[in-house]
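*Asks:* Sequence first, predicted model second:
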Amino acid sequence: ARAAALETAHAPVMARDGRTIVVAANVASLAEAHLARERGADAIGLLRTELFFVDKTNLPTEDEQVAQLEGILSAFPDREVTIRTLDVGGDKDIPALGLDSVTHGFLGLRGLRHSLAHPEVLRTQLRAVLRAAASWKGILSIMAPMVTTAQDAMAFRAAVADAARSLEGRPHRRPDHIGIMVEVPACAVAFDSMAAHVDFVSVGTNDLVQYMMAAERTNASVAAWYRPDHPAIWRTLEWLAQSAGGKKVAVCGEMAANADVARRLVALGVTELSMAPSSIPSIKAILRAQLA
Ligand code: PEP
Ligand code: MG
């Protein structure tokens, strides 16, 4: 069954209503990008760019980031790649940034908040993305992590436009889509007022669950409260799907790789599931059997 699932993994999954369900990969290295392609990923739904920053004593230069991004983009030459800007703080430490656990804890200056406080780091990263995609033929999507308010989403969009302007006269490419991750309860609950400011959203349930359940994802002593199956989570996912106004709703948290969860998400109207490459063949096979 495993071999058969691998063989058919490269075909797309169609829902009964004719929509394509994109089964995408979460990728955090070039090796994972290659594995994702091999396992039949339709796209990269989440590129965790922290990989360019960890294990370094200094921040990577723009040119270094361009070179690494080009490698990953070329593994998916004609598909959509969704690049997430730097997501630091909480569970994600970057030694070169000198983060302290109080200022940059789970409720602190992390994700997009850190980027907005360090605009030069964000601008370098955005310029690297736009340059790396200059002659690449896929669909380029950029998204920000840990977005809380509509102002956050607007500031991110402005930063992308600013980076593009700064590259005028040099080879670069504007993104096809600018989106956000939904990970913060305020963003999720007020999503009807956020949707107008974004082209798509990707729900980061790893963080959304910890914030909604008030149970840190890394704290084993509260693991019993970290419940992706809680009605509060499912009501929120349903609300997001309903209030997206036709914009793409993807789910890229670990729970999307669970067969029952994947089925329920598709039934709610989610059209992209992004997961570890190893889960892709079986989830595609399960969805195909269920939707046939
Ligand atoms: C998430 O929070 O669900 C997510 C996909 O991002 P990360 O696990 O990198 O925080
Ligand atoms: Mg997250």
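*Replies:* Structure's in. What do you need? Numbering: from 1, shown residues only. Ligands and ions are numbered 1, 2, ... in the order given.
*Asks:* only C-alpha atoms for contact and neighbour calcs from this point on.
*Replies:* Will do.
*Asks:* per-residue pLDDT, residue 4?
*Replies:* Looking at residue 4, its pLDDT is 64.
*Asks:* Could you see whether ligand 1 lies near stretch 51-59?
*Replies:* No: contact of stretch 51-59 with ligand 1 (CA under 6 Å from any ligand atom) is absent, the minimum separation being 11.0 Å.
*Asks:* before we move on, what about stretch 84-100?
*Replies:* No: Stretch 84-100 is not in contact with ligand 1 by CA under 6 Å from any ligand atom; minimum separation 7.2 Å.
*Asks:* Number the chain from 27, please
*Replies:* Let's use 27 as the start, then, which means that last one is stretch 110-126.
*Asks:* got the end-to-end distance for that stretch?
*Replies:* Across stretch 110-126, the terminal residues are separated by 22 Å (CA to CA, to the nearest Å).
*Asks:* What average pLDDT does it get?
*Replies:* 93.
*Asks:* For that stretch, which residues meet the burial criterion?
*Replies:* Using 16 or more other CA atoms under 10 Å as the test for burial, stretch 110-126 gives 110-116, 118-120, 125.
*Asks:* ok, so of the residues you listed, who is nearest ligand 1?
*Replies:* residue 113 (7.2 Å; CA to the nearest ligand atom).
*Asks:* Confidence-wise, which helix or strand of the protein is lowest on average?
*Replies:* Every helix and strand of the chain was ranked by mean pLDDT, DSSP states H and E. The lowest is helix 28-34, at a mean of 65.
*Asks:* any idea which helix or strand comes after that helix?
*Replies:* Sequence-wise, the next helix or strand downstream of helix 28-34 (DSSP states H and E) is strand 39-40.
*Asks:* Tell me how many other residues surround the nearest residue to residue 36 once chain neighbours are set aside.
*Replies:* Excluding the flanking residues, the one nearest residue 36 by CA to CA, 6 or more residues apart in numbering is residue 66, at 4.3 Å. Here the count is done by other CA atoms under 10 Å, and residue 66 has 24 residues near it.
*Asks:* Give the closest residue to the residue nearest the centre of the chain in space, chain neighbours not counted.
*Replies:* In the chain, the residue lying closest to the centroid (CA atoms, centre = their mean) is residue 72, at 3.6 Å. The shortest distance from residue 72 to any non-neighbouring residue, by CA to CA, 6+ apart, is to residue 52 (4.7 Å).
*Asks:* What residues does that neighbour make contact with?
*Replies:* The contact partners of residue 52, by CA atoms under 8 Å, 6 or more residues apart in numbering, come to 70-74, 278, 300-303.
*Asks:* Find the nearest non-adjacent residue to residue 40, please.
*Replies:* Per CA to CA, 6+ apart, closest to residue 40 is residue 46, 4.5 Å.
*Asks:* which SS state does residue 47 fall under?
*Replies:* The three-state label given to residue 47 by DSSP: H, G, I helix; E, B strand; the rest coil is strand.
*Asks:* quick one: it and ligand 1, what's the gap?
*Replies:* 18 Å (CA to the nearest ligand atom, to the nearest Å).
*Asks:* element containing residue 267, please.
*Replies:* helix 257-268.
*Asks:* Buried residues of that helix, list them for me.
*Replies:* 259-260, 262-268.
*Asks:* Quick one: name the residues of the chain near ligand 1.
*Replies:* So the chain meets ligand 1 at 230-233, 278-279 (CA under 6 Å from any ligand atom).
*Asks:* Farthest-apart pair in those, please.
*Replies:* The largest separation in the residues of the chain next to ligand 1, counting by CA to CA, is between 233 and 278 at 10.6 Å.
*Asks:* More neighbours: which of those two?
*Replies:* residue 278 (26 against 23).
*Asks:* Please give me every residue in contact with the residue nearest to that one when sequence neighbours are not counted.
*Replies:* Spatial nearest neighbour of residue 278, chain neighbours left out: residue 300 (4.4 Å); criterion: CA to CA, 6+ apart. When contacts are counted by CA under 8 Å, 6+ apart, residue 300 touches 49-52, 70-72, 276-279, 282-283.
*Asks:* For the residue in the stretch 77-226 of the chain that ligand 1 sits nearest to, which non-adjacent residue is spatially closest?
*Replies:* Nearest residue of the stretch 77-226 of the chain to ligand 1, counting by CA to the nearest ligand atom: residue 209, 6.2 Å away. Nearest non-adjacent residue to residue 209, counting by CA to CA, 6+ apart: residue 234, 4.2 Å away.
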